[in-house]
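Trainee: Could you work out the structure for the sequence below:
(chains A and B)
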Amino acid sequence: MSKLESKIPKGDLAKKWTNYKAEQKLVNPANKRKLDIIVVGTGLAGASAAASLGELGFNVKSFCYQDSPRRAHSIAAQGGINAAKNYPNDGDSVYRLFYDTIKGGDYRAREANVYRLAEVSSNIIDQCVAQGVPFAREYGGLLSNRSFGGAQVSRTFYARGQTGQQLLLGAYGALNRQIAAGSVKMYPRTEMIDLVLVEGKARGIVTRNLITGEIDTHFGHAVVLATGGYGNVFFLSTNAMGSNASAAWRAYKRGANFGNPCFVQIHPTCIPVHGEYQSKLTLMSESLRNDGRIWVPKLKEDAEKIRKGELNPGDISEENRDYYLERRYPAFGNLVPRDVASRAAKERCDAGYGVGSTGLAVYLDFKSSIERLGEDKIRERYGNLFQMYEKITDEDPYKTPMMIYPAIHYTMGGLWVDYELQTTIPGLFAIGEANFSDHGANRLGASALMQGLADGYFVLPYTIQNYLADEIHTPRMDINQKEFIQTTQEAKEKLEKLLSIKGKQSVDSFHKRLGKIMWDYVGMSRSKEGLLFALEEIKKIKQEFWSDVRIPGDPASVNVELEKANRVADFIELGELMALDALEREESCGGHFREEFQTPEGEALRNDQDFKFVSAWEFKDENEPPILNKESLDYEFIEIKQRNYK
Amino acid sequence: MDLTLKVWRQKDASSKGKFETYSISDVSKDSSFLEMLDVLNEQLIRENIEPIAFDHDCREGICGSCGLFINGRAHGPDYETTTCQLHMRKFKHGDTIVIEPWRAKAFPVIKDLMVDRSAFDKILQSGGFVSVNTGGVPDANAIPIPKEAADEAMDAATCIGCGACVATCKNASAMLFVSAKVSQLALLPQGKLEAQRRAKSMVAKMDELGFGNCSNTGACEVECPKGISIAHIARFNREFLKAKIND
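Mentor: Prediction:
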């Protein structure tokens, strides 16, 4: 059983990071040149880390599966990035950002990590501005802020609805500069397929070149995973098509503990599924809930007629509309937190009141806001979102209500890391969405970008040196030594096994089946019975996958089906762990809602007595269940409360 | 709707490619163009034919991975749209759709509809950034920037690097792509210091990589999915000229 050492520095909360930096070991410039660092993934966390480590003088090897590092899925983030700048003079502070984040996470995150995140948040904005990121500005020339869910202050910086794109292009620019300088070697269209351990330490990776199919190995004194989340376990999500969990999953199977796998964020306002052929879901910014009212028909007959196309939403009179969020949560109305809004939509649709051709949609109606404010005002606020909606659905939201439905958006869980962002495997670090660390059981809007860049620019470049300082005498290893050859062999055998099945069913057909089970039983609402059923079903899918998947084509060239099969094989296993984790956590908190644990009003019922811990799962053997290690969460500096939004 | 697709198939960079014709039926008008190709690929897998390779990732019109030449137009018939945001309702029952990869000397075909756009990365590596290290930078509000300049910089910065401008240009010129980056950074005080050096080295790299010259036809602007204006090319030329005069 691995021991979980969080390595939280001693001292007052506000001094921990300062004390850590004062006492940590550093690597001198001459020695940095002798050390190799592998960074997998080039999103906000990966690109910022690789660039910063390159600037410091380390030899960095950076990997991404996309054709260019600029295309990592951080690019799609819309809303903004939080920082405790307090430019609007509205009472923000490091402490307040820290507190909002801990509370938003439903008291399932580590205090010291979250405080550090809030502490470095201001530096991120400075850094991005220096790089030429064109944040929104006021006429006076200073930076503009907007407000976001879960906060009483305006601390969100933004670049139109494309904040993620602009921040990523900033980090990509910094990365490009290091590539040109020769301190970072870039490997695009290259996917990590295994992790190499030598004497218990992470020492390299096995990769597959997605163009030639070549399997290679790379040595690093340390390995950093910045490979994002695992939302695509659900098949349909707001993630990119290629977003996958394989790097993290291979690390898990090599001994890294996996933290809180069941903590998944479901975003309430996405464009609904339109049919069997749908490949992904598109988010509509949560800011829309400021002016839109959510409703479904009050009468089942009306809902049925709408689904058949016999009635339009405009035909439903005011008294026959059920504004169910306003009804159930009079205090917060349409602005309840993401998890609550999502569950309420599912409840109505499951009960037969859903709209759209599939019945899995609710209305987000701007009629009363347009009457109150005028169409121009609404256009000014949400014009680009309305336009995107119209492109996808061919409906004009100024005239007819939008249809929305919840979708998988983000995963709070991930590889367990200590304060130094190091996993339970020495020398293996995980940053950004790939780790579990900062968001607890629910992430606040505009905090994912903050965490990715905090880890990459300002945390990892420090903490990794504390590890590398003891590695300066380790010479670069020969990739022909036995550990590298053996791991490569195992990875190759896995691919060969997949190719040898020559079955009848496509990879996507398995992925869709897995996704449906996960969505129905390990999604917004979970129960013991459902989770046990899901575990059985996932086992069946796994067995069938390994005996009947069909992968046409040649492995020694571009082979998209092989890439997908390799990822889906891991999604299936990870799905199983998510269900198991959800089963073990007999409480409701944040995005994890267990039907058995709710208040009489149907609200999430946390159990701090028995579940105030991080679940860190340890892989043993293919034939044995994983071990559950627990890191107790001790709140020294804040008082734990029940969230209430009635 | 039922469609006939003429799709460019090419085994790899060194093989010769050709068009293959496929029929597909019952396509939903609400599906996206790439979802239609997903369905076709499922059909091909069932028939034990290798599926068609094409680049795509976010499917939200922002990552810039996708890019198909559809019926002779970059990203197809819709305006200010990436291929992934193009929907089948723009076509009708019985249509024949011709699908090709980007064609440009600097973007060699990898397989089928996938091309190698790493030349874009190389251009940006030659100077498409502000030379600052992590840490030690001034407070974000220390340098006020006129809103108009920030907004115009943002207009340029929305480029997704898809390559439609190159694919649609008869000279396969990368001027719109390069000018968007040069212009974004030249408009901001942070980037102004290096503006001339940047323009010079990016032009040199662009020429070296085999992109053609700009002859001001404006086709790039028409097909750009983000509506980036050729006014940025004018600013880029200005920076380049200044640099040359100073030489």
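Trainee: Can you list the low-confidence ranges for the stretch 501-646 of chain A?
Mentor: A:645 (pLDDT under 70).
Trainee: Spell out which parts of it neighbour chain B.
Mentor: Residues of the stretch 501-646 of chain A lying close to chain B (Cβ under 8 Å from any Cβ of the partner chain) are A:Ser506, A:Asp508, A:Ser509, A:Arg550, A:Pro552, A:Gly553, A:Ser557, A:Val558, A:Val560, A:Glu561. Where C-beta positions appear, they are placed from N, C-alpha and C, glycine not excepted.
Trainee: And the residues you listed, which two are furthest apart?
Mentor: Farthest pair in these (Cβ to Cβ) is A:Ser509 and A:Ser557. Separation: 23.4 Å.
Trainee: Which positions within the lowest-mean-pLDDT helix or strand in chain B qualify as buried?
Mentor: Here the helix or strand of chain B ranked lowest by mean pLDDT, DSSP states H and E is helix B:231-246, holding a mean of 92. Judged by neighbour count using 16 or more other Cβ atoms under 10 Å in any protein chain shown, the buried positions of helix B:231-246 are B:His232, B:Ile233, B:Arg235, B:Phe236, B:Asn237, B:Arg238, B:Glu239, B:Phe240, B:Ala243.
Trainee: Distance to A:Ile627 for those - can I get that in JSON lines?
Mentor: Formatted as JSON lines, those follow (distance: Cβ to Cβ, whole Å):
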{"residue": "B:His232", "distance to A:Ile627": "57"}
{"residue": "B:Ile233", "distance to A:Ile627": "61"}
{"residue": "B:Arg235", "distance to A:Ile627": "61"}
{"residue": "B:Phe236", "distance to A:Ile627": "59"}
{"residue": "B:Asn237", "distance to A:Ile627": "64"}
{"residue": "B:Arg238", "distance to A:Ile627": "65"}
{"residue": "B:Glu239", "distance to A:Ile627": "61"}
{"residue": "B:Phe240", "distance to A:Ile627": "63"}
{"residue": "B:Ala243", "distance to A:Ile627": "63"}
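Trainee: In TSV: these, plus distance to chain A.
Mentor: TSV is the format used below for the buried residues of helix B:231-246 (distance: Cβ to the nearest Cβ, whole Å):
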residue	distance to chain A
B:His232	13
B:Ile233	19
B:Arg235	15
B:Phe236	15
B:Asn237	20
B:Arg238	18
B:Glu239	15
B:Phe240	19
B:Ala243	18
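Trainee: Of the residues of the stretch 501-646 of chain A next to chain B, which qualify as buried by neighbour count?
Mentor: A:Ser506, A:Asp508, A:Ser509, A:Arg550, A:Pro552, A:Gly553, A:Ser557, A:Val558, A:Val560, A:Glu561.
Trainee: quick one: which of those residues is nearest to A:Gln265?
Mentor: Using Cβ to Cβ, these come closest to A:Gln265 at A:Asp508, 24.2 Å.
Trainee: Could you chop chain B up by domain?
Mentor: Using automatic domain parsing, the domains assigned to chain B come out as B:3-110, B:118-245.
Trainee: Count the neighbours of A:Leu364 for me.
Mentor: 23 (other Cβ atoms under 10 Å in any protein chain shown).
Trainee: Then A:Lys540?
Mentor: 11.
Trainee: Can you show me the CA trace of whichever strand or helix holds it as PDB?
Mentor: Taking DSSP states H and E as the criterion, A:Lys540 maps to helix A:528-548. Output in PDB follows, covering the C-alpha atoms of helix A:528-548 (Å, rounded to 0.1, in the frame of the first residue of the first chain):
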ATOM      1  CA  LYS A 528     -25.700   1.900  -5.700                       C
ATOM      2  CA  GLU A 529     -27.900  -0.300  -7.900                       C
ATOM      3  CA  GLY A 530     -27.000   1.700 -11.000                       C
ATOM      4  CA  LEU A 531     -23.300   1.700 -10.300                       C
ATOM      5  CA  LEU A 532     -23.300  -2.100  -9.700                       C
ATOM      6  CA  PHE A 533     -25.200  -2.500 -13.000                       C
ATOM      7  CA  ALA A 534     -22.700  -0.200 -14.800                       C
ATOM      8  CA  LEU A 535     -19.700  -2.200 -13.400                       C
ATOM      9  CA  GLU A 536     -21.300  -5.400 -14.900                       C
ATOM     10  CA  GLU A 537     -22.000  -3.800 -18.200                       C
ATOM     11  CA  ILE A 538     -18.500  -2.200 -18.500                       C
ATOM     12  CA  LYS A 539     -17.000  -5.700 -17.900                       C
ATOM     13  CA  LYS A 540     -19.100  -7.100 -20.800                       C
ATOM     14  CA  ILE A 541     -18.100  -4.200 -23.100                       C
ATOM     15  CA  LYS A 542     -14.500  -4.800 -22.200                       C
ATOM     16  CA  GLN A 543     -14.700  -8.500 -23.000                       C
ATOM     17  CA  GLU A 544     -16.500  -7.900 -26.200                       C
ATOM     18  CA  PHE A 545     -14.100  -5.100 -27.200                       C
ATOM     19  CA  TRP A 546     -11.100  -7.400 -26.800                       C
ATOM     20  CA  SER A 547     -12.700 -10.100 -28.900                       C
ATOM     21  CA  ASP A 548     -14.600  -8.300 -31.600                       C
END
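Trainee: about what we covered before: closest to A:Tyr389 among the residues of the stretch 501-646 of chain A next to chain B?
Mentor: In terms of Cβ to Cβ, no member of these lies closer to A:Tyr389 than A:Asp508, at 26.3 Å.
Trainee: and A:Ser237, what is it in contact with?
Mentor: Listed by Cβ atoms under 8 Å, 6 or more residues apart in numbering or on different chains, the contact set of A:Ser237 reads A:Gly231, A:Ser243, A:Lys280, A:Leu281, A:Ala407, A:Ile408, A:His409.
Trainee: rerun that using 7 Å as the cut-off
Mentor: Applying Cβ atoms under 7 Å, 6 or more residues apart in numbering or on different chains, we find A:Ser237 in contact with A:Gly231, A:Lys280, A:Leu281, A:Ala407, A:Ile408, A:His409.
Trainee: Spell out whether the helix or strand hosting the fourth one and chain B are in contact.
Mentor: A:Ala407 belongs to strand A:402-411 when elements are defined using DSSP H and E. No. Applying Cβ under 7 Å from any Cβ of the partner chain, one finds that strand A:402-411 is not in contact with chain B, the shortest distance being 12.0 Å.
Trainee: could you pull out the strands for chain B?
Mentor: With DSSP state E applied, chain B shows strands at B:3-9, B:18-24, B:69-70, B:73-74, B:96-100, B:109-111, B:114-115, listed in chain order.
Trainee: Also the stretch 301-450 of chain A?
Mentor: For the stretch 301-450 of chain A, strands defined by DSSP state E, counting those that start in this stretch occupy the ranges A:321-322, A:362-365, A:402-411, A:414-415, A:428-430.
Trainee: can you tell which of these is closest to A:Val206?
Mentor: strand A:428-430 (14.1 Å).
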